[in-house]
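Q: When you get a sec, could you give me coordinates for this:
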Amino acid sequence: MNVIGARPQHDTFGIDNAMLIHPGDPSRSILYQRLVRQGRGQMPPLCRKVADERAVAVSKVIPENYATTEIESRSGRQISGRIEREDNRTLLMRPLDATEEMVTLRKSDIRRRAFSSVSNMPAGIVNTLTEGQILDLLAYLIADGKPGEENRK
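A: Next comes the predicted model:
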């Protein structure tokens with residue numbers, strides 16, 4: 001089931017360049033739109049008729065502990081990864097590419113540092129999941145990681 005970057009076969013809700021899941025731009029993602037809509041185009045209600053604001057928030061924000069940090073050094077080097085450790089003078093970064101070595105940087109050598117607005121989840125990973133697995137994943141996220149049938153209401 002290819003959903004990331006896939007064009008919708010039905011309604012686009014008038015959104016330019018709409019995709020089922022639009023990487024980096026939830027406002028152009030049809031799945032996101034169906035989660036937050038009431039009425040025409042809304043996701044079929046499973047156990048309620050009110051949009052689950054927690055579930056909507058999950059699809060908008062990348063928690064800092066999962067966010068990719070982008071660094072530009074004073075020499076112009078671009079590095080992206082996750083900060084493993086840092087103190088007042090240095091930081092240790094794990095690059096996104098698992099084959100690359102950890103990088104130690106002096107903070108005085110950093111020109112710019114910011115969190116990426118794009119998820120570090122590999123592009124297309126959801127395309128390997130079945131429809132049932134995607135629904136299970138959404139139920140897990142909505143339940144905030146708590147197991148049990150009572151959390152899927």
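Q: Quick one: the helices in this protein, in order.
A: With DSSP state H, the ranges of helices along the chain come out as 30-36, 53-58, 131-142.
Q: Can you say which of those is packed in most?
A: Most buried of those, by mean neighbour count (mean count of other CB atoms under 10 Å): helix 30-36, with a mean of 19. In this view, the C-beta of every residue, glycine as well, is placed from N, C-alpha and C.
Q: So which elements touch that helix?
A: Judged by 3 or more CB pairs under 8 Å, 6 or more residues apart in numbering; DSSP states H and E, the packing partners of helix 30-36 are helix 53-58.
Q: Ile71: what's it in contact with?
A: 78-80, 93, 105, 110, 112-113 (CB atoms under 8 Å, 6 or more residues apart in numbering).
Q: Tell me the one of those nearest Gln42?
A: Distance to Gln42 across the contacts of Ile71 (CB to CB) is lowest for Ser80, with 36.3 Å.
Q: How many neighbouring residues does that closest one have?
A: Here the number of neighbours of Ser80 (other CB atoms under 10 Å) works out to 15.
Q: Lowest average pLDDT across the helices of the chain?
A: If you rank those by mean pLDDT, helix 53-58 sits at the bottom with a mean of 64.
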